[in-house]
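>>> Next come a sequence and a model predicted from it.
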Amino acid sequence: MSEVASVLFGREDIRRRVEELGRAITGDYAGREPVLVSVLKGGTVFLADLMREIHLALEVHFIAISRYGDAEESMGRVQILLDLDVDLAGRDVLVVEDIVDTGLTLSYLLSVLSARRTASLEVCTLLDRSVRRIAPLTPRYTGFDCPDLFVVGYGLDVDERYRNLPAIYAVEDVRMLQEDPGLLAPMLVGPDGG
Ligand code: IMP
């Protein structure tokens, strides 16, 4: 534990919740073959665990986007850097996200995807920081409600670091961490201390 960040959702909490989400999705999509769409890079750790808890035939595809400034400046408008290599027409699409914050990026992305005439289009997010929502958007599946604190770990980064932390940490002072990115390094130590 450090003063810069503290555990918000531990490994075991995440494991249990991901299992529950997988069970719900397995039931809801029974008889169908969903297409999971993950937005690089934050959602990939969640996706890797979630897909193994969904006991159905499914496909996984990735999309990479870049924002024009922050979500509010850009009103969610994004440039697609890497597009999906699958035809979504008539498919049951489930977008897998790390966190929905203002919802601006995701609602723009959903409008792009729904124009491809999907049979259904839903969102599964690990974290929902609904207090900051600007775009009206309610994910069909949510892992945890997230307080209005910057979070890192389990796919979520600070300037590209710490995606590999196995738990989710709330960062008390993001600026301090940006100035000294080494501050969370002690948390990367493995169970054997190595
Ligand atoms: P939105 O358009 O404001 O909903 O932005 C959502 C995206 O911003 C997420 O997919 C994350 O990549 C990033 N993001 C938002 N909040 C955090 C955070 O607390 N930690 C790390 N990334 C975040």
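Looks like it came in fine.

>>> From here on, just use CA atoms for contacts and neighbour counts.
Will do.

>>> Next, the contact list for residue 156, please.
By Cα atoms under 8 Å, 6 or more residues apart in numbering, the contact list for residue 156 reads 42, 43, 98, 162, 163.

>>> change it to 6 Å
Residue 156 sits next to 42, 163 when contact means Cα atoms under 6 Å, 6 or more residues apart in numbering.

>>> Tell me the spacing between it and residue 171.
12 Å (Cα to Cα, to the nearest Å).

>>> Over to residue 61?
30 Å.

>>> neighbour count winner among those two?
residue 171 (22 against 14; other Cα atoms under 10 Å).

>>> Name the residues of stretch 31-39 that are buried.
Neighbour-count burial for stretch 31-39 flags 34, 35, 36, 37, 38, 39 (criterion: 16 or more other Cα atoms under 10 Å).

>>> Point out the residues in the chain that sit beside the ligand.
42, 71, 76, 98-106, 150-152, 156-157 (Cα under 6 Å from any ligand atom).

>>> Without its sequence neighbours, what residue ends up closest to residue 132?
residue 102 (5.2 Å; Cα to Cα, 6 or more residues apart in numbering).

>>> Please identify the buried residues of the helix ranked longest in the chain?
Criterion DSSP state H: the longest helix present in the chain is helix 11-28. Neighbour-count burial for helix 11-28 flags 14, 15, 17, 18, 19, 20, 21, 22, 25, 26 (criterion: 16+ other Cα under 10 Å).

>>> Could you check how far the closest residue to the fourth one other than its chain neighbours is from the ligand?
Pointing back at residue 18 there. Spatial nearest neighbour of residue 18, excluding adjacent residues (Cα to Cα, 6+ apart): residue 50 at 5.8 Å. Here residue 50 is placed at a distance of 17 Å from the ligand (Cα to the nearest ligand atom, to the nearest Å).

>>> Tell me which helix or strand the spatially most central residue of the chain sits in.
In the chain, the residue lying closest to the centroid (Cα atoms, centre = their mean) is residue 98, at 1.1 Å. Assigned by DSSP states H and E, residue 98 belongs to strand 92-100.

>>> next SSE after that strand?
Using DSSP H and E, the first helix or strand after strand 92-100 is helix 104-114.
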